[in-house]
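1. Have a look at this prediction, sequence included:
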Amino acid sequence: MPGPRLVLTVDVEEWFHVCGHPEYDVPVRWDTFPSRVVPATERVLGLLERTSSRATFFVLGWVARRHPGLVRRIVAAGHEVGCHGDLHRRANVLSGEEFRTDLLSARAALEKAGSGTVAAYRAAEWSFRSTASPHLATLVEEGFRVDSSLLAVPPIGDASNPTRPVVLETPAGPLLEVPPLVGTFFGRPAMLGGGWTSRLSREARVTAAVEAALAGGDSPVLYLHPWEVDDEHPPMDLSPVARLVHFGGRERVIPRLTRLLSKHPSVSLAEAFPDGGEQRGVAA
Ligand SMILES: [Zn+2]
């Protein structure tokens, strides 16, 4: 039985894939913006190579169609390819058929690019929102084994969502749900596995949360976006709050992850949960 391992996940999208932004969240405009996803993802791949780490890369179908070589590069480096949907739509505003169409379009693009079998999914912006989402069953129906789309931190997530790996019983069958690492930030529940609250938290707090999860028998899950580590990120038109969420503390990401992964090399979701969590004793 493998022990708990640090899991790293990467949402492979462009810097302009910002849910709900009036200028950027417009798919017909996306080909007019400068693409940065290949060099930014290469920087993540370099970090993983230097630290003997692996990861699950949740790639957008839209990205895979434009950069199939990036998908092959991720696979060739020994990493897992997961699905981040096709057009980065919030899943909770899609009908059942809209969600299934987006999911299957994305998987077809990934497989055409050379991903191999795609078993793991992450919705844009944690947008399943709660375990009541009907899309969880759709994932099972379409052959997915693992989901990482539920966040236990309001307002994006629901406080009743799982905070550790758990098998969800959907109407279509079991699905392993693997949430990101959460903790507290100024006394409130907060994401520690990635994003702005993690970047602005003290490094020791994040490291302690990772090590507490490992000591407790759980595999902590971190996440990042290639644009967070892009030295040539284009300037953006953002509100002050959105600017903090997007850019705050981003210069810390590579140095901190280098230290953490040097101590705890990461693995992919497929490696941490090789059988859907059964052998690991993940409770239903
Ligand atoms: Zn995303």
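-> Right, received. Where do you want to start?
2. CA only for contacts and neighbour counts going forward, please
-> Noted.
3. got the residue ranges for the helices in the chain?
-> Using DSSP state H, the helices of the chain run over 37-50, 61-66, 68-76, 96-113, 135-141, 195-200, 203-215, 240-247, 253-263, 269-272.
4. how about the first one as CSV, C-alpha atoms only?
-> Right, helix 37-50. Provided in CSV are the C-alpha atoms of helix 37-50 (Å, rounded to 0.1, in the frame of the first residue of the first chain):
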residue,chain,number,x,y,z
VAL,A,37,0.9,29.0,-22.1
VAL,A,38,3.8,27.1,-23.7
PRO,A,39,6.8,29.0,-22.2
ALA,A,40,5.0,29.3,-18.9
THR,A,41,4.2,25.6,-18.7
GLU,A,42,7.8,24.9,-19.7
ARG,A,43,8.9,26.8,-16.6
VAL,A,44,6.7,24.5,-14.5
LEU,A,45,8.1,21.4,-16.2
GLY,A,46,11.6,22.7,-15.4
LEU,A,47,10.8,23.1,-11.7
LEU,A,48,9.4,19.5,-11.7
GLU,A,49,12.5,18.1,-13.4
ARG,A,50,14.9,19.9,-11.0
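5. can you state the direction angle for that helix and helix 253-263?
-> Going by axes from the mean of the first three to the mean of the last three CA atoms, to 10 degrees, helix 37-50 is angled at 30 degrees with respect to helix 253-263.
6. Which residues belonging to helix 37-50 are considered buried?
-> 37-45, 47-48 (16 or more other CA atoms under 10 Å).
7. returning to what we had before: want to throw the helices of the chain into CSV with distance to residue 89?
-> Shown next, in CSV, are the helices of the chain (distance: least, CA to CA, whole Å):
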stretch, distance to residue 89
helix 37-50, 18
helix 61-66, 11
helix 68-76, 21
helix 96-113, 9
helix 135-141, 13
helix 195-200, 19
helix 203-215, 29
helix 240-247, 18
helix 253-263, 26
helix 269-272, 23
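8. Can I get those in a markdown table including mean pLDDT and distance to residue 5?
-> Output for those, formatted as a markdown table (pLDDT from 0 to 100; distance: least, CA to CA, whole Å):
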| stretch | mean pLDDT | distance to residue 5 |
| --- | --- | --- |
| helix 37-50 | 98 | 15 |
| helix 61-66 | 98 | 28 |
| helix 68-76 | 98 | 20 |
| helix 96-113 | 98 | 26 |
| helix 135-141 | 98 | 25 |
| helix 195-200 | 92 | 19 |
| helix 203-215 | 95 | 7 |
| helix 240-247 | 92 | 28 |
| helix 253-263 | 97 | 11 |
| helix 269-272 | 96 | 6 |
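9. For residue 170, find the nearest of these.
-> helix 135-141 (5.3 Å; CA to CA).
10. What helices and strands are in contact with the closest one?
-> Here helix 135-141 touches helix 96-113, strand 166-170, strand 173-177, going by 3 or more CA pairs under 8 Å, 6 or more residues apart in numbering; DSSP states H and E.
11. For the ones you listed, state which one has the densest average packing.
-> strand 173-177 (a mean of 22; mean count of other CA atoms under 10 Å).
12. Give me the helices and strands touching that strand, please.
-> Against strand 173-177 (3+ CA pairs under 8 Å, 6+ apart) you get helix 135-141, strand 146-147, strand 166-170.
13. and with 6 Å instead?
-> strand 146-147, strand 166-170 (3 or more CA pairs under 6 Å, 6 or more residues apart in numbering; DSSP states H and E).
14. tell me the contacts of residue 153?
-> 159, 189-190 (CA atoms under 6 Å, 6 or more residues apart in numbering).
15. What's the separation between it and residue 8?
-> 19 Å (CA to CA, to the nearest Å).
16. go on, residue 65?
-> For residue 65, the distance to residue 8 - CA to CA - is 24 Å.
17. So for the two, which sits in the more crowded spot?
-> Comparing residue 65 with residue 8 by other CA atoms under 10 Å, the one with more neighbours is residue 8, at 26 against 17.
18. Many thanks, we can stop here.
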